[in-house]
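Visitor: sequence unknown, structure follows:
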């Protein structure tokens, strides 16, 4: 399929309605900005949040209709046609305590590694609920459907804000130092086959979504408000993924239930070019992937790419899933 089928409708972003749905008290966010186009929402929001002249509190979000120079993991490029993807970046400052997030125990250092996984959980839930697509997580930060990449998530650390601490009159108090984090997500919504960046990618359109499932004005509030609710609970739990959240399950349990990588034979491509083959058995307390090799030795993979493998034929040759 080349180009966009005539029947594909790409509704524009309704900025006013999105802000109403996302801003407190109806939504979970302290600040919402919607722009027509940006180079990269992550790059822009990180720069804004680090500036002493701007006020970007915990749970601020930047949404874009188009992104011209998006970045994925390992510096990979991610560019999509205007209106075809759901593009957003959220600024989080777990060290900031407010009436919205509560005054919980200090945020654990290991909690930072879980923020991109938390975003993946929220995104899978939104895609399943609104679009009816059986999305699942692929460690460390992809959302896939039927084995093909549907969305990517990228988190980057931002130095602790120095000049934009929220005013006490706004209900915020700062009780803990620590860096901020920008968590960006890009979801392929209405890309046709010929618009996909690789043959291993897909979109909600290609997975059969219709109606609200292709409308970013419905998808964005479902994802972002779900993200905000999970994040508030996670901060209240002190950033410990093993602690039960308000719904009863821990973030470790929620992610494990959606993680399609678990139970699979995988190849972990580690920094420095090392390869590790084995079975993914679970998630560690710090968000790493637990992998058991052929000799039964357990490894914790904290960084790198993971390729799902499958057996192909009676000779036992291993191929890509």
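Guide: In hand now; what should we look at? All values derive from a computational prediction rather than experimental measurement. Numbers count the residues shown, from 1 in each chain.

Visitor: hey, where'd the helices end up in the stretch 1-150 of the chain?
Guide: According to DSSP state H, counting those that start in this stretch, the stretch 1-150 of the chain carries its helices in the segments 15-22, 41-50, 115-126.

Visitor: which one of those helices lies closest to residue 92?
Guide: Proximity of these to residue 92 was assessed by C-beta to C-beta; the nearest stretch is helix 115-126, lying at 6.3 Å. Backbone N, C-alpha and C define where each C-beta goes, glycine included.

Visitor: Name the surrounding residues that touch the closest one.
Guide: The contact list for helix 115-126 (C-beta atoms under 8 Å, 6 or more residues apart in numbering) reads 90, 92, 135-137, 140-143, 151, 153-155, 181, 183, 185, 187, 219, 222-224, 226-227, 230-231, 234, 251, 254-255, 258, 287.

Visitor: tell me the most buried of the helices of the stretch 1-150 of the chain?
Guide: Compared across the helices of the stretch 1-150 of the chain, helix 115-126 shows the largest average neighbour count, a mean of 24 (mean count of other C-beta atoms under 10 Å).

Visitor: do you know which of the helices of the stretch 1-150 of the chain lies nearest residue 282?
Guide: Minimum separation from residue 282 across the helices of the stretch 1-150 of the chain (C-beta to C-beta) falls at helix 115-126, 13.1 Å.

Visitor: Lowest average pLDDT across the helices of the stretch 1-150 of the chain?
Guide: Ranked by mean pLDDT, the helices of the stretch 1-150 of the chain end with helix 41-50 at the bottom, a mean of 93.

Visitor: out of the helices of the stretch 1-150 of the chain, which comes closest to residue 214?
Guide: Counting by C-beta to C-beta, residue 214 lies closest to helix 115-126 out of the helices of the stretch 1-150 of the chain; the figure is 13.2 Å.

Visitor: Among the contacts of helix 115-126, which ones are in strands?
Guide: Using DSSP state E, the members of those that fall in strands are 90, 92, 136-137, 142-143, 151, 153-155, 181, 183, 185, 187.

Visitor: Tell me, please, the helix or strand in this protein that averages the lowest pLDDT.
Guide: Every helix and strand in the chain was compared by mean pLDDT, DSSP states H and E; the lowest is strand 172-174, with a mean of 35.

Visitor: Could you point out the longest helix of the protein?
Guide: For the chain, the longest helix by residue count, based on DSSP state H, is helix 216-236.

Visitor: Mind checking the helices of the stretch 1-150 of the chain for the one nearest to residue 207?
Guide: Closest to residue 207 of the helices of the stretch 1-150 of the chain, according to C-beta to C-beta: helix 115-126, at 13.0 Å.

Visitor: Work out the gap between that closest one and the centre of the chain.
Guide: 5 Å (C-alpha atoms, centre = their mean, to the nearest Å).

Visitor: picking that back up, mind checking the pLDDT average for the longest helix of the chain?
Guide: Here the average pLDDT along helix 216-236 is 97.

Visitor: now the angle between helix 115-126 and it, please.
Guide: Between helix 216-236 and helix 115-126, the angle formed by their directions is 130 degrees, by axes from the mean of the first three to the mean of the last three C-alpha atoms, to 10 degrees.
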